[in-house]
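In: Quick one, structure for this:
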Amino acid sequence: MNNSKTLIRATYLALLLLLLVAPLIGLYPVFVMKLLCLALFACAFNLLLGFTGLLSFGHAAFFGSAAYITGWFIKSQHWTPELGLLVGTVGAGLIGLIVGLVAIRRQGIYFAMITLAIAQMVYFVCLQAPFTGGEDGLQGVPRGNLVGLFPLESDLALYYFVAAVFVLSFMFIARIVHSPFGQVLKMIRENEPRAISLGYQVDRYKLLAFVLSAALAGLAGSLKTLVMGFATLSDVHWSMSGEVILMTLLGGMGTFFGPVFGAGIVVSLQDLLADKVGSWVNVIIGVIFVICVMAFRKGIVGRVASLPGSSPPSDQGRDHANLRRRVAAHHKATGLLLFK
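Out: Purely as a prediction, here's the structure:
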C-alpha cells in the first residue's frame with residue numbers, strides 16, 4: 001500500500017513538472033491550455049458521475065453559460081480576468097442550483113433527461129439573447145491584465161495562469177472527495193438506501209455536489225473563453241455534454257487522473273486528425289471509445305489501477321463496511337463539513 005501511494009505521488013509530481021516545462025520543450029501553449037480547460041471540465045463532471053453516481057446530460061449548460069458570462073463582462077464591462085472568471089463560476093453555480101432543485105429528486109434516466117432538457121433551454125437562450133452574438137458567438141474577448149497589473153496577452157503568461165488555476169482546482173476536488181462530505185457522496189453512490197437509513201439527508205448532499213460540479217464546470221468554460229478569445233454555441237451545445245461524458249468514461253470515472261487522461265486523448269485526436277479526416281474524427285473517436293469500453297470497463301486509468309498490486313487513486317477498492325463506519329464517525333463529529 002505504501003509503495004502504491006509513493007508511486008502515485010511520484011506520478012503526480014512528474015506530471016506537475018511536465019506541466020511546468022511544457023512550453024519550454026516545444027508544446028504549443030494554446031493547445032495545452034485548451035486541454036487543461038477541458039480536463040478541468042471532465043474532472044468537474046467526474047465529481048458528479050464518478051463520486052456521486054449522478055449522470056447529467058446537460059453539463060454543457062454550465063460550461064457554455066459561464067463562457068458567455070465571462071466573455072461579456074470582460075469585453076463589454078471591461079472587467080479584469082480574475083473577476084470575469086469569478087462571475088462566470090458563480091453564474092454557473094447559480095444555474096446549477098436552479099437545475100439541481102428541479103432535477104435532484106429524480107433518479108436514473110429521469111434525472112439525466114431533465115438535465116438535458118434544461119440544457120437545451122439554456123442553449124436556445126444563448127442563441128437568442130442579444131449579448132451572445134447569436135450564431136456568430138461572442139468574439140474578440142481580450143485577455144486583459146491580471147488584477148489590473150500583470151498582462152496576460154502573451155501565451156506564456158496566460159499558460160502559467162491557467163496551469164495554476166487547473167492545479168488548484170484539481171487539489172480542491174481531491175480535498176472534497178477525501179473530506180467527510182466526499183465520503184458521504186461515495187456511500188450514496190454505492191448504496192443510497194443505506195445512506196438514507198443511516199439518517200443522511202441524501203438530496204441535500206446530492207444538490208451540493210451538483211452545484212459544486214456546475215461551478216467547477218463553469219470555471220473551465222470561463223478559462224476557455226479567456227484562452228481562445230471567444231465563446232460560441234458549440235460550448236453550450238448538447239454535443240459538448242457528450243464529449244465530457246466520453247472523456248470521463250474513457251479515462252476512468254471515479255478516479256482522479258482518469259478524466260484528465262481521457263480529455264488528453266480526445267483533444268489530441270481532435271487536434272491531430274481534424275485537418276486530415278475532417279468530420280470523420282468523431283467516428284474514429286467513437287470507435288476508440290467502443291473498443292475501450294469493451295476492453296477496459298473501468299476506463300484506461302481505472303483498469304490500470306485495478307491491476308494486482310495497484311491502489312486505485314479514488315480508493316474504490318476499500319471495503320464498503322469500513323467506509324460506512326468512517327463516514328458515520330465523521331458525521332457525528334463534524335456534521336455536514338467540507339473541510340476538517
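
In: list the buried ones in stretch 17-30?
Out: Under the neighbour-count criterion of 16 or more other CB atoms under 10 Å, stretch 17-30 has 19, 22-23, 29 buried. Quick note: C-beta positions are derived from backbone N, CA and C, even for glycine.

In: what would those look like in CSV with secondary structure, distance to Lys276 and pLDDT?
Out: What follows is the buried residues of stretch 17-30, written out as CSV (DSSP: H, G, I helix; E, B strand; the rest coil; distance: CB to CB, whole Å; pLDDT from 0 to 100):
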residue, secondary structure, distance to Lys276, pLDDT
Leu19, helix, 28, 91
Ala22, helix, 24, 90
Pro23, helix, 25, 89
Pro29, helix, 23, 93
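
In: Closest one of those to Ala44?
Out: Distance to Ala44 across the buried residues of stretch 17-30 (CB to CB) is lowest for Leu19, with 18.5 Å.

In: thought that closest one was touching Val165?
Out: No - the pair Leu19 and Val165 fails to qualify as a contact (CB atoms under 8 Å) at a distance of 12.0 Å.

In: In the chain, which helix is the longest?
Out: Identified as the longest helix of the chain according to DSSP state H is helix 202-228.

In: Show me what the helix or strand that comes right after that helix is packed up against.
Out: Using DSSP states H and E, the helix or strand that follows helix 202-228 towards the C-terminus is helix 238-251. Secondary-structure packing of helix 238-251 (3 or more CB pairs under 8 Å, 6 or more residues apart in numbering; DSSP states H and E): helix 29-52, helix 60-76, helix 108-128, helix 258-277, helix 280-295, helix 299-305.

In: okay, the ones you listed, which one's buried deepest?
Out: For the helices and strands packed on helix 238-251, ranked by mean neighbour count under the definition mean count of other CB atoms under 10 Å, the leader is helix 60-76 at a mean of 28.

In: which secondary structure elements does that helix contact?
Out: The elements that helix 60-76 packs onto, with contact taken as 3+ CB pairs under 8 Å, 6+ apart, are helix 81-103, helix 108-128, helix 202-228, helix 238-251.

In: Nearest to Val266, out of these?
Out: The closest of the helices and strands packed on helix 60-76 to Val266 is helix 238-251. By CB to CB, the value is 5.3 Å.

In: Could I get the CA-only coordinates of that closest one as CSV?
Out: The C-alpha coordinates for helix 238-251 follow below in CSV (Å, rounded to 0.1, in the frame of the first residue of the first chain):
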residue,chain,number,x,y,z
TRP,A,238,-25.5,19.1,-26.2
SER,A,239,-22.6,17.6,-28.1
MET,A,240,-20.2,19.2,-25.5
SER,A,241,-22.1,17.3,-22.8
GLY,A,242,-21.5,14.1,-24.8
GLU,A,243,-17.8,14.9,-25.1
VAL,A,244,-17.3,15.3,-21.4
ILE,A,245,-19.1,12.0,-20.8
LEU,A,246,-16.8,10.4,-23.3
MET,A,247,-13.6,11.9,-21.7
THR,A,248,-14.7,10.7,-18.2
LEU,A,249,-15.6,7.2,-19.2
LEU,A,250,-12.6,6.8,-21.5
GLY,A,251,-10.1,7.8,-18.8
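
In: Off-centre distance for that helix?
Out: 10 Å (CA atoms, centre = their mean, to the nearest Å).

In: got the angle for it vs helix 280-295?
Out: 40 degrees (axes from the mean of the first three to the mean of the last three CA atoms, to 10 degrees).

In: ok but His78 is inside a strand, no?
Out: No - under DSSP: H, G, I helix; E, B strand; the rest coil, His78 sits outside any strand and is assigned coil.

In: what's it sitting at in phi/psi?
Out: Backbone geometry at His78, expressed as degrees, to the nearest 10, gives phi 60, psi 40.

In: That one: neighbour count?
Out: 10 (other CB atoms under 10 Å).

In: try Leu207
Out: Neighbourhood size, Leu207 [other CB under 10 Å]: 18.

In: Report the separation between it and Ile69.
Out: Distance of Leu207 to Ile69, computed by CB to CB, to the nearest Å: 22 Å.

In: now do Leu49
Out: Taking CB to CB, one finds Leu49 at 24 Å from Ile69.

In: cool, and Leu94?
Out: Using CB to CB, Leu94 is found at 10 Å from Ile69.

In: got it, and Phe257?
Out: Distance from Phe257 to Ile69, by CB to CB: 29 Å.

In: and what of Asn145?
Out: Counting by CB to CB, the gap from Asn145 to Ile69 is 20 Å.

In: Next: Ala164.
Out: Going from Ala164 to Ile69 by CB to CB gives 22 Å.

In: Not including adjacent chain positions, what is the nearest residue to Val227?
Out: In this structure, Val227 finds its nearest non-sequential neighbour in Met33, 4.5 Å apart by CB to CB, 6 or more residues apart in numbering.

In: what's the spacing between that neighbour and Phe261?
Out: Counting by CB to CB, the separation of Met33 from Phe261 is 17 Å.

In: Ile109: what's it in contact with?
Out: With contact set as CB atoms under 8 Å, 6 or more residues apart in numbering, Ile109 has no partners.

In: Nearest approach to Ser154 belongs to which of the helices and strands packed on helix 238-251?
Out: Here helix 29-52 is closest among the helices and strands packed on helix 238-251 (CB to CB), at 9.0 Å.
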